[in-house]
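1. predicted model and sequence below, questions to follow.
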Amino acid sequence: MKRILIAFLLALTMMSVPPAASAEAASRITYDKYSLTVDGRRVLLWSGELHYFRLPSPELWRDVLEKIKAAGFNGVSLYFSWGYHSPRPGVYDFKGVRDVDRLLRLTEELGLYVVARPGPYINAETTGGGFPAWLKNVPGRARSSDPGYTKAYREWLGHINPIIARHQLTRGGSVIAYNAENEYAANTDAAYMEDIQRQARNAGINVPITHNQCCDASWTPTWATGQGAVQIPGVDDYPQSFECREPDTWGTWGEGVTERLSQTAPAYGAEYQAGAIDLNNAGYEKCRELTGPAFMKVYYKSNLIASGATMFGYYMAFGGTNWGRLAQPNDVYTSYDYGAPITENRQLTTKYDEFKRQGLFVTTVTPLTKTDTATAPVSSSAAVHTEARANPDTGTQFVLVRHPDRKTNADETSTLTWNTPDGTHSVPVRLKGRDAKILVAGYDMGGQRLALSTSEILTHTTSGGRDVAVLYGTDGIPGKTVLRYSSRPKVRVLEGDVRASYRNGDLNLDYTHSGLVRVLITDGGRRPLLLLLGTDAEAAKFWRSGDVLLRGTDLVRSARLNASTLAIRADTSKPADIEAFTTAKRITLNHQHVHTRTTPSGSLLGKAPGPRPVHVPLLNGWRTRTEAPEADPAYDDSRWTVADKTATISPIKPKTLPVLYADDYGYHHGHVWYRGRFRATGSETSVDLNAITGKGGVYQVWLNGRYLGSAAGGEQKDSDAPVNPDPGPGKFSVPSGLLTKGEPAVLSVLVENMGHNDDWTADDLRHKQPRGLVGASVTTSPITWRIQGGTADSVRGPLNTGGLHGEREGWHLRMPSGRPGLPPIGPGVSWSSTDFRLGLPSDQDVPLTLRFGGGTGRHRALIYLNGWNVGEYVSGGVQRDFTLPSGILRTRGPNTLTLAVIAEEKSTLGEPSLRPVANHRTSR
Ligand code: GAL
C-alpha cells in the first residue's frame, strides 16, 4: 500500500508542468509581446538587484529598499541563496538576518514588485554560486536531473517556494515573476529545468516564470521553447565587461541590446549591467566610472529604443558586503560594492541620479509599455543618429538621439525633421560628448498635450487640478517644447529665460537649459500647467513619492498627504531647501513641523535642518593574545576528527591518501587545522604539501612546533581543465636536527578556505573542487591525520566562523585578556580586541567603516564586530576600508571589535581606525 502511495505521489510530482497560471493569477498578471499587465494596466518593470544576504542587518533592508524606490525603480530583483539558509542537509534557517519573509513584507509595504530568483543555482559571485557547501558531498552532477542532486534541490525549493508563494502579487504580495535557475546554458538538462518549474507550480507559484539567459541568444538553449521552456525568457547583458582598470573602454562585450527571445512575451533584460565585479583590483570607484552616468545614458536609452524591452533587472542597485565566508574567491573580495548606484555604505552616487532621471521617466510615461519600431525623424547630420518607437494605440513617439558611434566624445548638432502625431516640426538637437536622449512627441501629459520636446521628460504629476511637469536637458544646450492648445494660453515665466510664441494651436517654448526655469501656463482650454525645465543636475534634485513631487534634500524617502499636512521623510547632510508641489498647507519633516512659505510657483518651500556633528572614538585599549596551540606537538587533538577516508566524490582526486579534503569531514568554511603524526627516519629533508584554498588563500606549516613557513594555496582554474595536477604546492625544508630517527613527529598545518567556487559551467568541476590539503608527504612512512574545523554558529550561521583556535573557543564573541596594545606578531595566529562605545544621534545615519593603516609583513585579519565576521583584510590587498553595518554595529552603546590576525611572517598590524563615511539627518 505504502509503495503504491509513494508511486502515486511520485507520479504526481512527475506530471508535466501545471498550466502556466491559475485563473486567479491570470486575472491579475498577464503578458503579451509588449509588457506585463497587472490588473489590466501595462507595467514597465524597472527593477534593481539587491542581495539581502550581503546586508546582514534587516533594519538596513528598509533603508536600501527606500533608496531603491526613491531612485524611480518600481521593482527589485532578489536572488535567494540556498547555501545561506542551509548549514546541513535538511536544516534550513529563515530567522534574523535570514528572515526573507520580513524582506518580502517590506517590499510589499513599499510597493516594489519582486522578481524572485531562488536558483537553485544563482552564481552571484557568492560561495558555491549559492549552493550549500554540503552539496559537495552529494553524489550526482549538480544542475542536472541526477537523483542525488534532485533530492537536494527539491529540499531547498520545498522551503523557499512556499515563502515566495505567499508573497505573490496574486495573493496581495509583491512577487510579480519567478526566475528559474540562472544563466543555464552549459551542460543543460531540460528535465531538470522543467522540474524546477513543476516544483514552483506545485507550491502555488502562479506568477509568470522567467529565466535569465547568459549573454545573448547565441547561447542555447534559451529556454524559450521546448522542454523546460519558461514563459518569459530573458537575457543578461554586461556590455562593459568587468575590466574596471579601463573605465573609458566601452562596449567590450557588445552592443547591449536586449534580445527578444519570444514573440509572445515581453523582451526582458533580466540582468543589465549596472556595475561590475572588480576582477583586476582596480577598486570599485573605477567600476562605477566604467558603468557611470554617460554609459547609462547611452546604453540604457539605446537599449530601450532598439529592443522595446519592458522588463529590466539592473545588476546591482546595491551590492553590499561579502561578510563571513560569502565570497566566491575567484572574482571578489569582501566588498561587493559593485560600483553600483548605491554604495556598499548606502550612499547615493551620480549613477543614482541617472537612475532616477531614467527611472522616473520610464515609470511615468506609460505609452512606453507598448511600442513598435517607428519611422525616426530625419537628422540633417550623419553625426547624429535617430531611431524611434511608437505606441500603436496612442501614437506617442519615442525618439532616441545619439552619436552613431556611441563612444565618441564629439559635440554635434543636427536639425530633425520630425513628423509627430501633432504635425511636422523642424527642431535643433545637440549632443555634447557621450550622451543619448529619448525625446517624446504626441503625448497626453496629464491634462496637457505635449506635441514634442527636445528636453527629456523626468516626470509629471497632477495636484489640486494643476499639472506639474519636469523636463530637463544638458546644461547650456538649447531646448524646445511645443504644447497644444485650443486657444492662446497665458504664459508666465516665473523664473529663468523662455521665449514663448503661439501659432495654430502650438505653444512654442524656446530656452536654454540652465538652472531651473519655471513657466506657468494657464487657460488655452486646458487645466493649468507648471512647467519646470532644468539641467540634468536640477532634474536630479526632484523626488516623487506617489503623486507628490518634491525638490531638495539628499533623499526623500516618502511623502504622504494627511488632510492638509504633508508628512515628509527625508535625509539631509546639510541644511537644505525642501519644496513640495502640493495642495497641503503644512509640512512636517521627519515628524517635525517646518516653517514654509508659498512660492510664486504655488509650491511650499521650507528649510530642512542638517545633522549635528558627530564624534567617533579613537580605537585604543587594544589587547593582544597569541594562539595556535595546535602547532605544539604536545597539544591534545584526541577529540579531533580522524581523517582516514580513502575515497572522495570530488572530481579532483587527491595526490596522496588519505583524503584530507575539509568538506569530506564536514568542515566547510574558514580555516581548518590538520595534525599529522609519523615516525621520523631522521633523514627527512622536506615536507611536501599541496593545498587548495581558493584564490588568495594561504596555508602555514609547523613541524614539531617549529614554523616552517607558508605557501599560497592553489586553485582550480578553467585553464587547468580538467584538473590542475599540482595545486598550491609547498616545499618546506626540514631544519637539521629537528627530527630524530625513530621518534614520533607532529606536522601541524593551518589551511584557509577562501570560499567555494561557483558552478557556472554546470559540470561539478568548480564547485566540487576540494578545500584543504590535497597531498602531503614527508617520508615514505605513513602519516596519520586528524582534522579540525569550525562548527556552525547557530545565530550568525555557518559562514561566520572557521576552525581557528580562537573561533572554536568563541574569542570572536569575547576574547580572554591579553597583553596591552598591538605589538608585533607572528608568524602564526594572534587575536587583538578592543571595546568602544558610540553615542550617535538616533535620528542620524552615520555609516562607519574600519580603515586599516599601513602595517608591515604578510598578514591578514578576520574582522569580528560584536561577534560577526564582517570581512577579511589582507595586507597588500586592494581593500583597506571595511563596512561596519549598523544593526551589527550598536550606534548607541558598547561595541567589541576583535581581529583574528594570521601572520605568515613577523608583522605589525597597521593601526585600524573608525571612519564616518557620511552624516545624514534621517528618518527611518
Ligand atoms: C551574471 C550572473 C550573476 C553575476 C553576474 C556578474 O552572469 O547571472 O549572478 O554573477 O554575472 O556579476
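-> Received, thanks.
2. residues contacting Ala918?
-> Contacts for Ala918 (Cβ atoms under 8 Å, 6 or more residues apart in numbering) come out as 345, 347, 573, 845-847. C-beta: built from backbone N, CA, C; applies to glycine.
3. please apply the same query to Pro885.
-> 55-57, 60, 321, 847, 870.
4. so which of the contacts of Ala918 reach the ligand?
-> Of the residues in the contacts of Ala918, proximity to the ligand by Cβ under 6 Å from any ligand atom holds for none.
5. can you redo these as TSV with neighbour count, secondary structure and distance to His668?
-> Putting those into TSV (neighbours: other Cβ atoms under 10 Å; DSSP: H, G, I helix; E, B strand; the rest coil; distance: Cβ to Cβ, whole Å) gives the following:
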residue	neighbour count	secondary structure	distance to His668
Asn345	19	coil	30
Gln347	17	coil	34
Ser573	18	coil	42
Asp845	24	strand	35
Val846	19	coil	36
Pro847	23	coil	31
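6. show me the two of these that sit farthest apart.
-> Asn345 and Ser573 (13.1 Å; Cβ to Cβ).
7. that older thread, turn the contacts of Pro885 into JSON lines, columns for secondary structure.
-> Shown next, in JSON lines, are those (DSSP: H, G, I helix; E, B strand; the rest coil):
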{"residue": "Leu55", "secondary structure": "coil"}
{"residue": "Pro56", "secondary structure": "coil"}
{"residue": "Ser57", "secondary structure": "coil"}
{"residue": "Leu60", "secondary structure": "helix"}
{"residue": "Thr321", "secondary structure": "strand"}
{"residue": "Pro847", "secondary structure": "coil"}
{"residue": "Val870", "secondary structure": "strand"}
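8. how about the helices in this protein?
-> In the chain, the helices defined using DSSP state H lie at 2-14, 23-28, 58-70, 82-85, 100-110, 147-166, 190-202, 284-290, 293-295, 301-307, 350-364, 536-539, 805-808.
9. of all these, which one is nearest the ligand?
-> helix 284-290 (10.5 Å; Cβ to the nearest ligand atom).
10. buried ones in that closest one?
-> Buried residues in helix 284-290, counted by 16 or more other Cβ atoms under 10 Å: 284, 286-290.
11. which of the residues in stretch 830-838 are buried?
-> 830-834, 836, 838.
12. tell me which of those residues fall in strands.
-> Members of those lying in strands (criterion: DSSP state E): 830-834, 836, 838.
13. and the ligand, which of the residues you listed reach it?
-> Among these, none lies close to the ligand by the criterion of Cβ under 6 Å from any ligand atom.
14. who touches the residue lying closest to Pro147 once chain neighbours are set aside in this structure?
-> Leaving aside its sequence neighbours, Pro147 sits nearest to Gly140 (Cβ to Cβ, 6 or more residues apart in numbering; 6.2 Å). By Cβ under 8 Å, 6+ apart, Gly140 lies in contact with 146-150.
15. excluding its backbone neighbours, what's nearest Leu509?
-> Spatial nearest neighbour of Leu509, chain neighbours left out: Thr481 (4.6 Å); criterion: Cβ to Cβ, 6+ apart.
16. if we can go back for a sec, so which of the contacts of Ala918 is the closest to the ligand?
-> Asn345 (19.7 Å).
17. doesn't Ser886 make contact with that closest one?
-> No. Under the criterion of Cβ atoms under 8 Å, Asn345 is not in contact with Ser886, lying 10.4 Å apart.
18. contacts only, for Ala180.
-> 193, 196-197, 200, 209-211, 223, 230.
19. circling back: show me the two of the contacts of Pro885 that sit farthest apart.
-> Of all pairs in these, the most separated under Cβ to Cβ is Pro56 and Pro847 at 14.4 Å.
20. just the terminal-to-terminal distance for stretch 702-709.
-> The straight-line separation of the ends of stretch 702-709 (Cα to Cα, to the nearest Å) is 7 Å.
21. give me the pLDDT for Asp720.
-> pLDDT recorded at Asp720 is 71.
22. gap between it and the ligand?
-> Taking Cβ to the nearest ligand atom, to the nearest Å as the measure, Asp720 falls 21 Å from the ligand.
23. for Trp543, same thing?
-> From Trp543 over to the ligand the distance is 29 Å, taken as Cβ to the nearest ligand atom.
24. not counting sequence-adjacent ones, nearest residue to Leu458?
-> Val470 (4.1 Å).
25. run a quick neighbour tally on that neighbour.
-> Neighbour count for Val470, taken as other Cβ atoms under 10 Å: 29.
26. that one contacts Ala539, doesn't it?
-> Yes. Using Cβ under 8 Å, Val470 is in contact with Ala539, at 6.3 Å.
27. how near is whatever residue of the stretch 51-200 of the chain ends up closest to the ligand to Cys287?
-> Using Cβ to the nearest ligand atom, Asn123 is the residue of the stretch 51-200 of the chain that sits closest to the ligand, at 3.4 Å. From Asn123 across to Cys287, the span is 18 Å (Cβ to Cβ, to the nearest Å).
28. nearest spatial neighbour of Leu532, skipping sequence neighbours?
-> Once flanking residues are discounted, Leu532 sits nearest to Val470: 4.6 Å by Cβ to Cβ, 6+ apart.
29. and Glu715, by the same measure?
-> Lys695 (5.0 Å).
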